[in-house]
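> with the input below, show me the fold.
(2 chains)
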Amino acid sequence: MNSLDPRVKRLPVIGQPGQIEPKAPLDQFGTFEVFVQPKEGKPFQHEGIVHAPNLEMAFVLAKEAFTRRFMCVSIYVVDTRHVYTSPMTEGNVSVFGFIHETPAQAGEKISYEIYQLIKRGKQHIHAGTVQAVSPQEAMSEAKKVFSTDNKVIYNLWAIRTSDIRFTKPEEQELWLTLPEKKFRDASAYKAGDKLTEFLDKQKN
Amino acid sequence: MNELALKELLYKMADDQLILGHRNSEWTGFGPLLEEDIAFSSMAQDKIGQSHALYSILHSLGEQEPDTIAFTRHADQFHNCLLTELPNGEYDFSLIRHFLYDTAEIIRFDMLTQSSFKPVAELAVKVRAELRYHTLHANTWVKQLGSATEESISRLQHSLEYALPYALGIFEESPYEKELIAEGIFGGEQALKEKWKTKVEEVINQTQLQLPDWKTMQPILGGRKGKHSEHLQPLLDEMSEVFNIDPTAEW
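This next block holds a predicted model:
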């Protein structure tokens, strides 16, 4: 069936008897995780995902998908498959109990960005950077560094720093005029006030 | 300062941004993928905002209110280049136009940050920052699709060849080139065109697209003098529809 609506295209076609075929892959891009720094000095936080054919396109598309309205000074993106996640805990159990100490591994230590989930239902927030040989060791290092205070952390992410597409210094000005774009906020239109005024007029 | 020369420059820049901003906004809701729909719509909004800022400078120089300038003129009073008014066509053409146009605009506004006319120099710093995203977006897409599949390459190639003579019309000279350059208001269309060619070559050379020989291209001119294609008036009619029903409408 030919349609511009992708949902229609995905409808199963009525087949012929005896026909056996491999399942067709969906015609769509992979996903990339988007992290946003809302203000200078604040940590990066996970904001959501974009679909894109590659890392560079993901960066381009993430900029408008996630930083059209609110304050932002920098973003970065990483392929979803490059985000390593710890188990998620239940109740008031901290994730650090679920992370095993990794014995020292041979190999070159590289840098990993560690994200932690501090509030359920909220975004993962950047905690810091550790040096490790593997994602497992990065989690174990994160446990040593970040489990010192008594805060309960529900989940951890580790991302190889070299897998990230950062905002380049010359791109820092991409958000220069963002604070002036008040017209992108629904509140700037005072729609509620206008509606009240209109309804009052109707009554009189 | 030569005010006629300055106004001529501001009008053509503002009209370009308004008309292309409106054209690009026609993609809202129809973009090839959700994220791209949002990005392209945002950039269209930026362009309308940039035209508003330029019309406001014109207003401070004694011209009428921005809304009046934008919504009440007839096609032959517009100074936009023909490239900006052409219908959107398929996405390949819209993308190539966006690439060719914004590559010129970021260089234009970069030059204008040095303008002797301070209000324009100050605005140019902000506009250049917005255009940095527009050109990053355009360059990334052109590099992506210009090297992807046989279909994407041939579609972009076709659109590139169609759009280039119109793109050369961006640089149609003003009667005041000498005055603008002499007074340090703007470095001139010739200087802009040469920088633009270099940048276009730099991006196209990173793809499998073929740039035709510049010498074989005949620029399509007229827009700067108010000579437009049949496509501009219907665009203006649609854009000013609400304003014409109720000029005081607010939303």
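> which parts of chain B sit against chain A?
Within chain B, the residues that sit near chain A (CB under 8 Å from any CB of the partner chain) are B:33-36, B:38-39, B:42-43, B:45, B:49, B:126, B:128-130, B:132-133, B:136-137, B:140-141, B:144, B:148, B:251. Where you see a C-beta, it was placed from the backbone N, CA and C, and this is true even at glycine.
> of these, which belong to helices?
B:34-36, B:38-39, B:42-43, B:45, B:49, B:126, B:128-130, B:132-133, B:136-137, B:140-141, B:144 (DSSP state H).
> going through the residues you listed, which ones are buried?
B:35-36, B:38-39, B:42-43, B:45, B:49, B:126, B:128-130, B:132-133, B:136-137, B:140-141, B:144 (16 or more other CB atoms under 10 Å in any protein chain shown).
> what about B:Glu90, distance to chain A?
According to CB to the nearest CB, to the nearest Å, B:Glu90 stands 13 Å off from chain A.
> that residue is in contact with B:Arg155, isn't it?
Yes - using CB atoms under 8 Å, B:Glu90 is in contact with B:Arg155, at 7.1 Å.
> looking at the two, which one has more neighbours?
Counting neighbours by other CB atoms under 10 Å in any protein chain shown for B:Glu90 and for B:Arg155 shows that B:Arg155 has the greater number, 19 against 11.
> tell me the contacts of the more buried one?
With contact taken as CB atoms under 8 Å, 6 or more residues apart in numbering or on different chains, B:Arg155 is in contact with B:90, B:92, B:145.
> buried set for the helix or strand it falls within?
Element membership for B:Arg155 (DSSP states H and E) is helix B:150-168. By neighbour count with 16+ other CB under 10 Å, helix B:150-168 contains the buried residues B:153, B:155-157, B:159-160, B:163-168.
> same question for that helix, mean pLDDT?
Mean pLDDT, helix B:150-168: 98.
> distance of the closest residue to chain A within the stretch 51-200 of chain B from B:Asp46?
In the stretch 51-200 of chain B, the residue found nearest to chain A is B:Ala129; the distance is 3.9 Å by CB to the nearest CB. According to CB to CB, to the nearest Å, B:Ala129 stands 10 Å off from B:Asp46.
> same check, this time on A:Asn204
For A:Asn204, the distance to B:Asp46 - CB to CB - is 41 Å.
> more crowded one of these two?
For A:Asn204 versus B:Asp46, neighbours defined as other CB under 10 Å are more numerous around B:Asp46 (20 against 4).
> secondary structure element for the residue lying closest to B:Glu65 once chain neighbours are set aside?
The shortest distance from B:Glu65 to any non-neighbouring residue, by CB to CB, 6 or more residues apart in numbering or on different chains, is to B:His59 (6.1 Å). Per DSSP H and E, B:His59 falls inside helix B:34-60.
> cool, and A:Glu47?
strand A:45-52.
> distance from the chain centre to that strand, please.
4 Å (CA atoms, centre = their mean, to the nearest Å).
> for it, buried residues please.
Neighbour-count burial for strand A:45-52 [16+ other CB under 10 Å]: A:45-47, A:49-52.
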